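1. Turn this into a model:
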Amino acid sequence: MADSGELFIETAADEGGDISMVSEEVAVEINPASQALESGADSTENGLPFQDDAMDEVPARATYIDYLKSPAVGLLVGQGDEQGLLTAHQALLTKSPWFKEQCERFGDDIRERSITLVDEDLDAVGCFLEFLYTGDYFPRKIVGTRDLERDPQEPLVDESGDQLLKHARVYTLADTLGLPALKSLASSKIHCVNSTAKGEIAYARYVYAHTKKDDNAIRAPVAYFWATRSHTLRSEAEDEFRQMCLEFPQFGYDVLTRVLDDKLKREKQDKLNPTPGSSRKRARGI
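-> Down below sits the predicted model:
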């Protein structure tokens, strides 16, 4: 049977006929030439067909030095007194689909490369660059908590909404640049900020002015926050809350929808688990 190239295994049995051990002796005979023909290989080496080198190719890993060797790109960010000129390495910038498209316009012979971002916030772009180089941006989340690193230049309670707006601007910038990881990071930091009613209104106004209607990742928590706390927060910022509802009817609708949804859920729970003696009759008309 060896001539046919088949494989056979011999086993040893004890006196009772039961198999007590399996011999590891395996007779295998392979005709390298016939196998090479079947596999389509033209030649063999050491009895085995040559393998295509292309199949063994592994993509080269980009090192940090590779990023730093790439051309520097100037970024003119903001307008007026808030304008600033930043620089970053092109290989890192192109991790963003938006920047990749912009950098593809540069010719190989161009030495001075620049991109204008006059409509973007300077601090938000700075956070974006910090994220590219380090994987995070200040203030970082404290591991195992819902707190952020303490910024000595910021108050413990965000009364103005500036701390919320910082992360909201990073969120919208990341959306524009096509960086979902940065969006997720900014969103997680928003929920770590201790703010007031007026600060929350300032944040809500920015969200509804700069995000898409179907962006529930950031809009839904805003509406839910006001739906569950409006009875206490409205007294602290009633004028601002009213103005917000008039300025952004979608905000008012989203809040009202969640208030009614919660009311409906409670009514269903009451029907499923009625409390004895808690039913009320509707007041009769006079």
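2. I'd like the distance between Phe225 and Arg234.
-> 12 Å (C-beta to C-beta, to the nearest Å). C-beta coordinates here come from the backbone N, C-alpha and C atoms, glycine included.
3. Please say which of the two ends up with more neighbours.
-> For Phe225 and Arg234, the more surrounded residue by other C-beta atoms under 10 Å is Phe225, and the numbers stand at 18 against 15.
4. which strands and helices sit next to the helix or strand encompassing the more buried one?
-> In this structure, Phe225 sits in helix 216-233 according to DSSP states H and E. Contact here means 3 or more C-beta pairs under 8 Å, 6 or more residues apart in numbering; DSSP states H and E; on that basis helix 216-233 packs against helix 180-190, helix 197-210, helix 238-247, helix 249-272.
5. Apart from its neighbours in sequence, what residue is nearest Phe251?
-> Tyr208 (5.1 Å; C-beta to C-beta, 6 or more residues apart in numbering).
6. from memory that neighbour sits against Arg219, does it?
-> Yes - using C-beta atoms under 8 Å, Tyr208 is in contact with Arg219, at 7.1 Å.
7. Show me the domain layout of the protein.
-> Domains of the chain are assigned by automatic domain parsing as 2-52, 61-195, 208-274.
8. Show me the least confident stretch of the ones you listed, going by mean pLDDT.
-> In terms of average pLDDT, domain 2-52 trails the rest of the domains of the chain, at a mean of 45.
9. How many neighbouring residues does Asp175 have?
-> Neighbours of Asp175 (other C-beta under 10 Å): 19.
10. same deal with Tyr67?
-> Neighbour tally, Tyr67, other C-beta under 10 Å: 18.
11. Can you report phi and psi for it?
-> Backbone torsions of Tyr67, given as degrees, to the nearest 10, read phi -60, psi -40.
12. Tell me how many other residues crowd the residue nearest to Phe251.
-> 20.
13. quick one: it from Lys166, how far?
-> Taking C-beta to C-beta, one finds Tyr208 at 18 Å from Lys166.
14. And Ser235, by the same measure?
-> Taken as C-beta to C-beta, the span from Ser235 to Lys166 is 27 Å.
15. circling back to that earlier point, what sits against the residue nearest to Phe251?
-> By C-beta atoms under 8 Å, 6 or more residues apart in numbering, the contact set of Tyr208 is 219, 222, 248, 250-251.
16. how about JSON lines for the residues you listed, with distance to Gln79 added?
-> JSON lines is the format used below for these (distance: C-beta to C-beta, whole Å):
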{"residue": "Arg219", "distance to Gln79": "27"}
{"residue": "Val222", "distance to Gln79": "27"}
{"residue": "Phe248", "distance to Gln79": "25"}
{"residue": "Gln250", "distance to Gln79": "28"}
{"residue": "Phe251", "distance to Gln79": "28"}
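17. wait, doesn't Arg234 sit right on Met244?
-> No - judged on C-beta under 8 Å, Arg234 makes no contact with Met244 at a distance of 10.5 Å.
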